[in-house]
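Asks: test case, fold it:
(2 chains)
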Amino acid sequence: MQISKKSSLGIVLAGAVSVGALAGCGSSSGPADTADGTFSASVDEACAAAADESGALNYVASTDAAVFAEEIKPFTAAHPDIEVKYTNLRSTDASQTLLAEAQARHGLSFDALAGELPGFQPLFDQGMVLDVDWAALGMADDLLYRDGDGTAFRNYRLITGIGYNTELVSQDELPDTWEELVDPKWAGRVIVDPRGSYIGRIAPAFGKDETIEWFQRFMDVDKPLIIQGATASAQKVIAGEALLTTSAADANVRESQEAGAPLGIKYLDYVPTSDYHTLVMKDTPRPNTAACFLGWLGGPEGRAQKEKYEFQKNDSTPSEVPPGATLVLTDTPEALQIASETSDALAKIMAG
Amino acid sequence: MAAPAAVAQRAAPPLRGRRRWLNGRRVFVVVTLAVLLYLVLGPLLVLVLGSFQDTTLGLVIQPPVPWTLQNYADALFTSALYQVLLTTLLFTVGSLAFAFVVSFALSMLIERTDLPLKNLMFLLVVAPSGIPTVILAISWSLMVNPTNGVLNVFLRDVLGLGSTTGPFNVYTVPWMTIVQGMALVPMTFLLITASLRGMSNVLEEAGRASGATTWTVLRTVTVPLLKPSIVGALVYQFVTVVSVLDIPLVIGRPGGVSVLSTRIYDASNPVTGLPNNGLASAYGVLLLLVSLAPLYVYNRIVRQSGAYVTVTGKSRAPRLLRLGRWKPVALVLGFGYVAVSFVLPGVVLLWASTQPYLGALTWESLGNTTFAAYRAIFGDQVFHRGLLNTLLLGVCASVIAMAVSTAVSWIIVRVRSRYTPLVDLLAFMPHAFPGVVIGLATLFVYLLLPLPVYGTIWIIVLAMATQFVGLGTRLTTGGIAQIQVGLEEASLMAGGSGWQTTRRVLLPLLRPVILNGLLVVFLSSIQNLTLPLMLGTGDNVVMSTLIYNRWFAGDGPGTAALGVVLTVATLAMTLFLRRSSDARV
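Replies: Sure, this is the predicted structure:
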């Protein structure tokens, strides 16, 4: 049988439903209480005003959901009327969803987000982040971050060192500097992340060109195993397949040690940091609820809970950093840019 | 599925009835194609538009649109492309050869011989698809890593080798190819075995009766009759291997091996900012173009459906080939394979789930056994919700995908039109689309359409059904091509309606194919990570995202415990569907 012209037309019309859906307009976003894009209130004021805001607070972070539920129990006990609806997503995935929703002029699924700033950069660039007066919510000056009209506060800081198997490598054998890590004795037994992001973060202090030049020598001499992610890297070191990893962060190592794993960490002459920030969306219909919750999360009780359940600290200068070592910060857009460009260059070297 | 009302012209029933079935058939064709277009056009549009956009700030659907050709330039002129293409070619050909030889041999043993314990073997061949890739990678690195891999240490001790590394290195192209080949086996096996199970062996028996050897019958009868299914599976798995990421990332990358998929991944996942969906889309368009030639060949084969008919009015249950003295050999080879492909990683999975942390696989580590990871996940409400969502997702996505696939395949095989190859192309397209493209398209479609599925499990179900229509049609098209059109005609001539013919003739004959299809789509859906990550909220969490999040959070034992649950779900569904298809013991 031939498909008739009428049938063909029907098919095309039916197909156009989905095409039309892409070209048409959706529902408009909900009303915003922060019309000028700024928000300022104390925690008490925000918590009091939260009673007038309806619906659950949609909060995104990359903590395990069960751990998060335990972590915020003191808050939910103190504020039984506030429901925090949690979604476990990385910053890039959450940003992608929010950008699509904004394009479709749909209400936003998430009110507040926590994660790495580079993943949130498109939200800052699009002016979608609320300018919150975090100081009014009790955050110290050194926790605050501003990019354009948007602000965020740091809710934990990871510091990176060399992770090592404590049963196979003694402290004496370990390098003290990144330069000493370039050594054939580690050939094939040291791990590097293919994204270059752990090592790229030393560049704001060490220099972009210097970091790239050092990394090329490191690749030539140490011939590292290229393993993505801190978990997989730690597993290989604990299992003894590799001796060292350059993808070790303090919180992850503390967590492994708590479980009894033979994993140690040593900080070298430059100590890179990874900062994780929290922000509120400009179009949220619940700015007070968000401020109330985040004021608690970034305050003493929230920080203590985070350290208890996730081993993550928020000290600006962690006590573990050895004397004489340089703590490399990426707490400004400029420093982030240098770290990102360097990481990209390192990733390209590894990709060949 | 709506019913095809009738078939070829030569079987026309009386005039009034004929007009009725012609109308019914027309409606059926239009509705089926409308559903297919609804599912596929959105992603196709996003793929094409995205490939010509700078997507640094996400896909843009409101003007001004940042148009660019840079994505194609980046895709075509990437550095060391030819070296990467050569490695990709070796990897693809090797893993496909491995998967098809093993899958065909296992399918023949299970469906065509008197091998004992064949249901158990069927179960164990399919089971590895439930094991998370990270655990598979850990299993292989624990066994064959060059420094302290269990197999390497054993061989060094036994052979007295003086070196501290080797003799094997899992992080090389040959091992990557073998591991990928094994990873392809469950799906390939299900794709082939469905046709073999539904195929009558009258012609094979005729061959034997005329004095042909088993090998001759296999070469001149069985394989040619299975051509639509084998070529369909080959085309599908070719695209799978070219775009597969898991094994190349976790086994190839540590050794510095790059294939096209890892190159695309690197290029489209910058260290900062959003994934470069524009570049991923450009690669998707190119992959689609590359798939056109094999798809064309496949379509030509299917169009000669009369040549592959084995299910006729004279068919009867196939007689099993007696293995005789080869039975022990077949058992050892069959179970030897499943021991390596499933039992080994399965043991590592169980071991990992009962450890406080993931370390070396040693006897001493058994002293650390704990069930803390299981207590943690079973006590977690999110896990219960995730498990329920996963089962719902697997069942609903597979039912929708197979319903659409069966209807589409019927049109491809039975409707004589010059446009039917286009229908097959449309159905196949989603398989060549990068997952992120289907995810983004689904996101936009249901953000814009006033349907209450956004943020629910149903948006993932629809995205998954779209993604796997291509998989379903590889099975159903070959399956329908095997069924003689005269059976449907006879039903209509006897006064049966289109729906009655579908329900009482077509679907029962397609039963093995549809059940295998339900299983492959179920397994593919519950394993898929990209779509749930892109369409995920706190309400529609599924097991694959839970596994990913546990691993991302550094919880190796928790990841493994979830993997055990997923493997058990895989085994249960496989067993259920196998029994439903009237398994022969």
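Asks: residues contacting the residue lying closest to residue A:345 once chain neighbours are set aside?
Replies: Closest residue in space to residue A:345, ignoring its immediate chain neighbours: residue A:212 at 5.2 Å, by Cβ to Cβ, 6 or more residues apart in numbering or on different chains. C-beta coordinates here come from the backbone N, C-alpha and C atoms, glycine included. By Cβ atoms under 8 Å, 6 or more residues apart in numbering or on different chains, the contact list for residue A:212 reads A:342, A:345-346, A:349.
Asks: switch the cut-off to 7 Å
Replies: With contacts defined as Cβ atoms under 7 Å, 6 or more residues apart in numbering or on different chains, residue A:212 is in contact with A:342, A:345-346.
Asks: quick one: low-confidence parts of the chain?
Replies: All of this is about chain A. Applying pLDDT under 70 to chain A flags residues A:1-35.
Asks: that's the wrong chain, I meant chain B
Replies: Ranges of chain B meeting pLDDT under 70: B:1-22, B:78-80, B:198, B:200-201, B:302-319, B:581-585.
Asks: quick check: domain ranges of it?
Replies: As given by automatic domain parsing, the domain ranges for chain B are B:79-259+B:327-363, B:376-585.
Asks: and for residue 148, the neighbour number?
Replies: In the absence of a named chain, this looks at chain A. For residue A:148, the neighbour count with other Cβ atoms under 10 Å in any protein chain shown is 12.
Asks: that's the wrong chain, I meant chain B
Replies: 18.
Asks: equivalent analysis for residue B:85, please.
Replies: Residue B:85 - counted by other Cβ under 10 Å - has 13 other residues nearby.
Asks: and if you look at the one 5 residues further on?
Replies: Applying the criterion other Cβ under 10 Å, we find 15 residues in the vicinity of residue B:90.
Asks: what's the closest non-adjacent residue to it?
Replies: residue B:173 (6.1 Å).
Asks: export the contacts of residue A:212 as TSV, with columns for distance to residue B:59.
Replies: TSV is the format used below for the contacts of residue A:212 (distance: Cβ to Cβ, whole Å):
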residue	distance to residue B:59
A:342	28
A:345	27
A:346	28
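Asks: out of the residues you listed, which sit inside helices?
Replies: A:342, A:345-346 (DSSP state H).
Asks: and the domains of chain B, which is most packed in?
Replies: domain B:376-585 (a mean of 22; mean count of other Cβ atoms under 10 Å in any protein chain shown).
Asks: is it in proximity to chain A?
Replies: Yes. Among the residues of domain B:376-585, B:376, B:380, B:382, B:415-417, B:419, B:440, B:443-445, B:447-449, B:455, B:533-534, B:536-538, B:549-556 lie within reach of chain A under Cβ under 7 Å from any Cβ of the partner chain.
Asks: restricted to strands, list those residues.
Replies: Among those, no member is found in strands (DSSP state E).
Asks: just the ones of these in helices?
Replies: B:376, B:382, B:440, B:443-445, B:447-448, B:533-534, B:549-552, B:556.
Asks: Three-state assignment for residue B:57, please.
Replies: coil (DSSP: H, G, I helix; E, B strand; the rest coil).
Asks: then residue A:167?
Replies: Residue A:167 - assigned by three-state DSSP - is coil.
Asks: and it, how many neighbours does it have?
Replies: Neighbours of residue A:167 (other Cβ under 10 Å): 13.
Asks: which phi and psi does it have?
Replies: phi -90, psi -20 (degrees, to the nearest 10).
Asks: could you report the separation of residue B:65 from residue B:49?
Replies: Separation of residue B:65 from residue B:49 (Cβ to Cβ, to the nearest Å): 8 Å.
Asks: just residue B:100 next, same as before
Replies: Residue B:100 is 36 Å from residue B:49, by Cβ to Cβ.
Asks: please, which helix or strand holds residue A:92?
Replies: helix A:91-103 (DSSP states H and E).
Asks: OK, contacts around the residue lying closest to residue B:376 once chain neighbours are set aside?
Replies: Nearest non-adjacent residue to residue B:376, counting by Cβ to Cβ, 6+ apart: residue B:558, 6.2 Å away. Residue B:558 sits next to B:373, B:376-377, B:550 when contact means Cβ under 7 Å, 6+ apart.
Asks: swap in 10 Å and give it another go.
Replies: A:64, A:66, B:352-353, B:372-374, B:376-377, B:380, B:383, B:546-547, B:549-551 (Cβ atoms under 10 Å, 6 or more residues apart in numbering or on different chains).
Asks: for residue B:300, same thing?
Replies: With Cβ under 10 Å, 6+ apart, residue B:300 has these contacts: B:231, B:421.
Asks: need the contact list for the closest residue to residue B:194 other than its chain neighbours.
Replies: Nearest residue to residue B:194, sequence neighbours excluded (Cβ to Cβ, 6+ apart): residue B:516, at 3.6 Å. By Cβ under 10 Å, 6+ apart, the contact set of residue B:516 is B:126, B:189-195, B:197-198, B:402, B:475, B:479, B:577-578, B:581.
Asks: one step back: where does the residue nearest to residue B:376 sit, in terms of helix or strand?
Replies: Residue B:558 belongs to helix B:556-580, assigned by DSSP H and E.
Asks: next one: phi and psi at the residue nearest to residue A:345?
Replies: The phi/psi pair for residue A:212 (degrees, to the nearest 10) is phi -70, psi -40.
Asks: check residue A:153 too.
Replies: According to degrees, to the nearest 10, residue A:153 has phi -130, psi 150.
Asks: next, count neighbours for it.
Replies: 24.
Asks: contact partners for residue B:243?
Replies: Here residue B:243 is in contact with B:260-261, B:264-265, B:283-284, B:287, B:431-435 (Cβ under 10 Å, 6+ apart).
Asks: what sits against residue 122?
Replies: Reading this off chain A. Neighbours of residue A:122 in contact, by Cβ under 10 Å, 6+ apart: A:91-92, A:95-96, A:98-99, A:128, B:55-58, B:272-274.
Asks: chain B is the one I meant
Replies: Here residue B:122 is in contact with B:106-107, B:109-111, B:189-190, B:193, B:338, B:574-575, B:578, B:583 (criterion: Cβ under 10 Å, 6+ apart).
Asks: cutoff 6 Å now
Replies: B:110, B:578 (Cβ atoms under 6 Å, 6 or more residues apart in numbering or on different chains).
Asks: distance of it from residue B:571?
Replies: For residue B:122, the distance to residue B:571 - Cβ to Cβ - is 11 Å.
Asks: quick one on the thing from earlier: between the contacts of residue A:122, which is closest to residue B:367?
Replies: Minimum distance to residue B:367 across these is 40.2 Å, recorded for residue A:91 (Cβ to Cβ).
Asks: I appreciate the help and will end here.
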